[in-house]
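J.: Got a sequence here, can you model it:
(one chain, ligands or ions: 1)
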Amino acid sequence: MKRIDESKLRSIVGDENVKSDPADLYIYGSDSSVHSALPWVVVRPDTSEQVQEIVRYANRDLIPVISRGGGSGMCGQVVPVQGGIIMDMKRMNRILEINMPDVYCRVEPGVVDDDLNLALKPYGVFYPPTPASSRIATIGGEIGNNASGVRSVKYGATRDAVLGMKVVLPTGELATLGAHTKVEASGYQLQKLMVGSEGTLGIVVEATLKFVPIPEFRCLGVANFDTLRDAGEAVAEIMASGTEPSMLELVDSVAIKAVNKTMNLGLKEVAAALIFEADGKVKEAVDYEINKMQNICKKHKGMDIKSSYDPTERAKLFMGRKKLFPALSKYDDNLASTSLADDMAVPYSKMADTAAKIHETAEKHNIIMTAYGHCGSGCMHTKILMDTNRRDQWESARKAVAEIYEYVRSIKGTTSAEHGIGLSKAESFKQEKKDSLQILQAVKKALDPNNILNPGKLMQAPDDWVTATDLRYSVNS
Ligand SMILES: Cc1cc2nc3c(=O)[nH]c(=O)nc-3n(C[C@H](O)[C@H](O)[C@H](O)COP(=O)(O)OP(=O)(O)OC[C@H]3O[C@@H](n4cnc5c(N)ncnc54)[C@H](O)[C@@H]3O)c2cc1C
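T.: Model prediction:
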């Protein structure tokens, strides 16, 4: 292990904000992915000046720096594969400005998404890219991953909401990127480049974000389907018909079974269900959108169709989807839910085929996979439920993942819709981006010539994630 000058770090952030005992290093060694690796030290800065000083020191001594928010990333983005400093950004959690006339807010990167929305609520506005992990996800981490959520189908992902930012570059300099206006045409849009860069190009210390009014009316509906194909075709028609859902989610039979089993919801165990929502200022307009979606569902053999404006009823209808992630981890006591090939996006017309391909591949390799997601954004999530102690199950998962990614690329889909690349998805990412890899590498080299910011991720990550990185599970041989 390289020597770290802990006293230098302590002099910058104070003794209590430098952690290096084994228990802390262990905790900070993983995120919500399957990967794990120990950092050398954890620092918790409180100001951008402290971030600058730490980065200057790291750049001089060639020490990796991994910025970390809530650590809820699913692909190993904050796992320090080359050791180094974990920079925990959660102390920088101030909301600096809510500017109503100019429709933006300025926040520090450690602000948790739910806290931002709580602060915006009294102004009658909300920040829409909100992922399902909004109770722990920070704005810095959402920028790092270009996170999105159930309402992104109408309101866009993080990249659409970021107007500007202050960022500490790998040299320790502070750069102001973007603007405070809705439009900006000047030169390269560097603030957008930072979004989705997974902490490899700079450390965001302040973000300027736009928000939107909370709609007067929201109506949520559900439709069941006997086949995934029917549900997929309904999605494709809804999106091609000019309908404007504010949410369009798909859940498959495995997902429905999981929430029934763990939460006793008593949902009908069909092959698939769609959850759709419309929102707006005028009730008649919302009715119009909801009716259109219901009619399209009916046309594609949707059953048990219902909808409601009532917030309690809406919460009930959405409950299964909301609690899906924890439910999957309890689906079977012997199986863990792993985030592998978990977040592709595919063209709408291929939604049904992709879901079928996921199920076929799982069966072929004797693992359980589910298909669900923000299908209105083209997003197709999966989880692999497997016995993580068994080496052969990892091998099956590796083969299944490779086959699914190959299929997704063949239909012009993409490796990651919103969870990012990190370590787990590097192989497919590199294949998908093979024509632009040199450009990506040149950008990284230009901004971070010493390769100190989150090294070994994205295009630098190894192809074979099973053998080339440590897993957070103990695997029997
Ligand atoms: C139950 C569950 C549900 C989820 N649902 C969704 C979902 O619906 N949509 C979705 O998009 N994702 C989802 N995720 C994945 C993840 O929660 C999000 O992508 C989230 O935005 C990550 O935020 P975080 O603060 O935890 O980031 P972290 O995991 O800490 O970091 C993510 C990336 O951002 C970088 N980063 C962190 N802070 C900074 C900074 N200040 N400057 C530069 N880079 C930085 C890190 O280096 C890393 O590369 C889910 C995860 C879980 C566990």
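
J.: what about H300, how many residues close to it?
T.: 21 (other CB atoms under 10 Å). Every C-beta, even on glycine, is put in place using the N, C-alpha and C of the backbone.

J.: actually L118, not the one I wrote
T.: Using other CB under 10 Å, L118 is surrounded by 12 other residues.

J.: Check the gap between it and the ligand for me.
T.: 17 Å (CB to the nearest ligand atom, to the nearest Å).

J.: what about that residue, which SS state?
T.: Under DSSP: H, G, I helix; E, B strand; the rest coil, L118 falls in the helix class.

J.: Give me the distance between it and K425.
T.: Using CB to CB, to the nearest Å, L118 is found at 32 Å from K425.

J.: ok, V103 - contacts?
T.: For V103, the contact set (CB atoms under 8 Å, 6 or more residues apart in numbering) comprises K182, K210, F211.

J.: Apart from its neighbours in sequence, what residue is nearest the most centrally placed residue in the chain?
T.: Closest residue to the average C-alpha location of the chain: H419 at 3.2 Å, with CA atoms, centre = their mean. With CB to CB, 6 or more residues apart in numbering as the criterion, H419 has its nearest non-adjacent residue at 4.0 Å, and that residue is D343.

J.: Cross-check the contact I'm expecting between the residue nearest to the centre of the chain and G73.
T.: Yes. Using CB atoms under 8 Å, H419 is in contact with G73, at 7.1 Å.

J.: who touches both of those two?
T.: By CB under 8 Å, 6+ apart, the residues touching both H419 and G73 are N145.

J.: residues of stretch 411-427 that come out buried?
T.: In terms of neighbour count (16 or more other CB atoms under 10 Å), stretch 411-427 has its buried residues at 413-427.

J.: just the residues you listed that are near the ligand?
T.: Here is what survives when the buried residues of stretch 411-427 are matched to the ligand using CB under 6 Å from any ligand atom: E418, H419.

J.: Just flag the most distant two among the buried residues of stretch 411-427.
T.: By the measure CB to CB, G413 and L423 form the most distant pair in these, at 20.6 Å.

J.: For this structure, what lies in contact range of the ligand?
T.: Counting by CB under 6 Å from any ligand atom, the chain sits next to the ligand at 31-32, 66-74, 77-78, 89, 109, 131-133, 136-138, 140-142, 144-145, 147-149, 198-199, 203-204, 325, 418-419, 454.

J.: Mind checking which of those land in strands?
T.: Judged by DSSP state E, those include I66, S67, R68, I203, V204 as members of strands.

J.: now those: which count as buried?
T.: Using 16+ other CB under 10 Å as the burial test, these include I66, S67, R68, I203, V204 as buried.

J.: For the residue of the stretch 201-350 of the chain found nearest the ligand, name its beta-bridge partners.
T.: Nearest to the ligand in the stretch 201-350 of the chain, going by CB to the nearest ligand atom, is V204, at a distance of 3.6 Å. Counting by DSSP bridges, V204 forms beta bridges with V167.

J.: That one reaches V167, doesn't it?
T.: Yes. Look at V204 against V167 with CB under 8 Å: they come within range, at 5.3 Å.

J.: shared neighbours, those two?
T.: Listed contacts common to V204 and V167 are M194; contacts here mean CB under 8 Å, 6+ apart.

J.: Which neighbouring elements make contact with the host helix or strand of L193?
T.: L193 belongs to helix 190-194 when elements are defined using DSSP states H and E. Judged by 3 or more CB pairs under 8 Å, 6 or more residues apart in numbering; DSSP states H and E, helix 190-194 is in contact with strand 162-168, strand 174-178.

J.: who does the host helix or strand of A327 touch, helix- and strand-wise?
T.: Taking DSSP H and E as the definition, one finds A327 inside helix 324-329. Counting contacts by 3+ CB pairs under 8 Å, 6+ apart, helix 324-329 packs against helix 253-263, strand 336-338, strand 379-386.

J.: Identify the neighbouring strands of the helix or strand following the first one in the sheet and state each direction.
T.: For helix 253-263, the succeeding helix or strand toward the C-terminus, using DSSP H and E, is strand 272-280. Here strand 272-280 is paired, per DSSP bridges, with strand 217-225 (antiparallel), strand 247-252 (antiparallel).

J.: now the longest one and helix 253-263, what's the angle there?
T.: Yep, that's strand 217-225 we're talking about. For strand 217-225 against helix 253-263, the angle by axes from the mean of the first three to the mean of the last three CA atoms, to 10 degrees is 110 degrees.

J.: Not counting strand 217-225 itself, show me its contacts.
T.: Residues from elsewhere that reach strand 217-225, judged by CB under 8 Å, 6+ apart: 231, 234, 246-247, 268, 270-283, 286-287, 290, 293-294, 297-298, 300-309, 314, 317-318.

J.: next SSE after that strand?
T.: Per DSSP H and E, the first helix or strand lying C-terminal to strand 217-225 is helix 228-240.

J.: So which elements touch that following helix?
T.: On a contact count with 3+ CB pairs under 8 Å, 6+ apart, helix 228-240 meets strand 217-225, strand 247-252, strand 272-280, helix 283-299, helix 351-364.

J.: can you tell me the residue of the stretch 301-450 of the chain closest to the ligand?
T.: E418 (3.4 Å).

J.: got the contact list for that residue?
T.: Going by CB under 8 Å, 6+ apart, E418 touches P131, N145, N146, A147, S148, G149, S152, A157, D343, H374, S377, C379.

J.: 6 Å - rerun?
T.: Going by CB atoms under 6 Å, 6 or more residues apart in numbering, E418 touches A147, S148.

J.: returning to what we had before: turn the helices and strands packed on helix 228-240 into CSV, including mean neighbour count and mean pLDDT.
T.: Listed next are the helices and strands packed on helix 228-240 as CSV, based on neighbours: other CB atoms under 10 Å; pLDDT from 0 to 100:
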stretch, mean neighbour count, mean pLDDT
strand 217-225, 22, 97
strand 247-252, 26, 94
strand 272-280, 25, 96
helix 283-299, 17, 97
helix 351-364, 20, 92
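
J.: Alright, that wraps it up for me.
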